[in-house]
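Asks: show me how the following folds:
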Amino acid sequence: MFANSPESFALHPDGAPAGAELGLSDLTRNLHLLGADYRVVVAARSPAAGAPVLRGSVDTQELRPGLVLYRTLVQDLCTMRTSNLLHPGLKLCMLLNGRTELAYGSRHLELGPGAAQGEAVLVSLAEPDRFVREWRRGRSERKVTLTLRPEWLAAAGIHDAAVQRFCRQHLAVAPWRPSARALALADQLTSPPPLAPGLQRLWLESRCLDIVVEALGSVAPQPLVSPVATQGLDARNHRRLRALRDFLDSGAADGLTLSAIGRQVGMSAAHLQRHFPQVAGTSVIDYLRQRRLLRARDALERGEVDVAAAAHLAGYTSAANFATAFRRRFGITPRQARQRV
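Replies: Numbers count the residues shown, from 1 in each chain. Next up is the predicted model:
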């Protein structure tokens, strides 16, 4: 249940998590990496000692001192509320499938399709505080959480004044909306390749660092990217491209040609092809395709559309091609996503 193989984060054909049934004792293994004092706060029916409370996979790893990766692909087998005391640090939580209700101290958050917070949150814990998770029998979640403790931030040499100011504000929440590339990287973290342990740790760390760079960029006055990455792109054009990314996220660019999209920010198609990957990690067309797939998935999971309408929403004229792309991206079929309603 704590293995690093891709199979440990598999899905059943019906879209529910595969894997072992887990008891409360399974959830406290390696808890010292995140905090302590794990407890059941409220339960409709208190689970018996050793009784299963989750089905699926849970994994906690410290990739570097102070950099902790926590991955879950689980289905709640009971309804209750649990809590544990977290160490100080930054908490970067990304929900890839399902829905979750949680709280960091007095900050109550909901992640999932249609939720105000969206798919991700970046929270600062300047001091130890309690984390609370609400459990709902039958509800599933696939989630990646990164913890950046103060010693890791110091060792990484992150001395940006805005980031340090954010770290000092207890329970501050950053206005971070992950790019399609960041979501794709988080998705990869839940299905790593079968590498030797040392190589796999490096593989996981490389994806985590890319996500961290983007997330911390949401609290820094300028995006935290290397000088090489921004070569040939001044601050004004960088702001233009970030505004364009927001335009693509809105859905207003669906159906537009690359030239028409470029006119929205006064850039040529060639300029977009060359520079847009510097702010999004992928081309305009690939970014747009990924965002449309995400919107189609959200609409399916909310029960707003059937599979044919979701294919149209994602820009596919062929339902078969849409299903292939959807399964490659999310690991389940469109029909399975809709059955979660």
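Asks: drop to CA atoms for contacts and neighbour counts, all remaining ones
Replies: Will do.
Asks: so what's the residue nearest in space to the middle of the chain up against?
Replies: The residue at the geometric middle of the chain, judged as the C-alpha nearest the mean C-alpha position with CA atoms, centre = their mean, is M94 (2.5 Å). Applying CA atoms under 8 Å, 6 or more residues apart in numbering, we find M94 in contact with 119-121, 143-145, 183, 186.
Asks: so which of the residues you listed are in strands?
Replies: Taking DSSP state E as the definition of strands, the contacts of M94 contribute 120-121, 143-145.
Asks: domains in this protein, by residue range?
Replies: The record, using automatic domain parsing to delimit domains, assigns the chain the ranges 6-217, 235-338.
Asks: about what we covered before: which of the ones in strands among the contacts of M94 tops the neighbour count?
Replies: Neighbour counts for those were taken using other CA atoms under 10 Å; the highest belongs to K143, with 26 neighbours.
Asks: so what sits opposite that one in the bridge?
Replies: The residues listed as beta-bridge partners of K143 by DSSP bridges are T72, L95.
Asks: distance of it from I211?
Replies: Distance, K143 to I211, by CA to CA, to the nearest Å: 14 Å.
Asks: can you check R291 too?
Replies: Here R291 is placed at a distance of 17 Å from I211 (CA to CA).
Asks: list the buried residues of the lengthiest helix in the chain.
Replies: Secondary structure of the chain read by DSSP state H shows that its longest helix is helix 197-217. Along helix 197-217, these residues count as buried under the neighbour rule (16 or more other CA atoms under 10 Å): 200-201, 203-205, 207-208, 210-212, 214-217.
Asks: and the next helix or strand after that helix, what other elements does it pack with?
Replies: On the C-terminal side of helix 197-217, the closest following helix or strand by DSSP states H and E is helix 235-250. On a contact count with 3 or more CA pairs under 8 Å, 6 or more residues apart in numbering; DSSP states H and E, helix 235-250 meets helix 277-280, helix 284-301.
Asks: measure stretch 100-119 end to end?
Replies: Separation of the first and last residues of stretch 100-119 by CA to CA is 10 Å.
Asks: please apply the same query to stretch 118-134.
Replies: When the termini of stretch 118-134 are compared using CA to CA, they are 17 Å apart.
Asks: what's the answer for stretch 263-271, then?
Replies: Taking CA to CA, stretch 263-271 runs 11 Å from one end to the other.
Asks: give the buried residues for that stretch.
Replies: Of all the residues in stretch 263-271, those buried under the rule 16+ other CA under 10 Å are 265, 267-269.
Asks: count the neighbours of L63 for me.
Replies: The burial metric for L63, expressed as a neighbour count using other CA under 10 Å, is 14.
Asks: pull up the pairing partners for the helix or strand hosting it, direction included.
Replies: In the assignment (DSSP H and E), L63 maps to strand 52-64. When pairing is defined by DSSP bridges, strand 52-64 lines up against strand 20-23 (antiparallel), strand 67-76 (antiparallel).
Asks: convert the C-alpha atoms of the shortest one to CSV, please.
Replies: Included here for strand 20-23 are C-alpha records, laid out as CSV according to Å, rounded to 0.1, in the frame of the first residue of the first chain:
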residue,chain,number,x,y,z
ALA,A,20,-5.8,-2.7,-0.3
GLU,A,21,-8.3,-1.8,2.4
LEU,A,22,-6.6,0.5,4.9
GLY,A,23,-7.2,1.0,8.6
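Asks: what sits up against it?
Replies: Applying CA under 8 Å, 6+ apart, the contact partners of strand 20-23 are 1, 50-57.
Asks: quick check: mean pLDDT of the strand or helix carrying A154?
Replies: In this structure, A154 sits in helix 150-155 according to DSSP H and E. Helix 150-155 shows an average pLDDT of 94 in the prediction.
Asks: what does it rub up against?
Replies: Counting by CA under 8 Å, 6+ apart, residues outside helix 150-155 touching it are 64-67, 88-89.
Asks: now those: which count as buried?
Replies: Neighbour counting over the contacts of helix 150-155 (16+ other CA under 10 Å) leaves 66-67, 88-89 as the buried ones.
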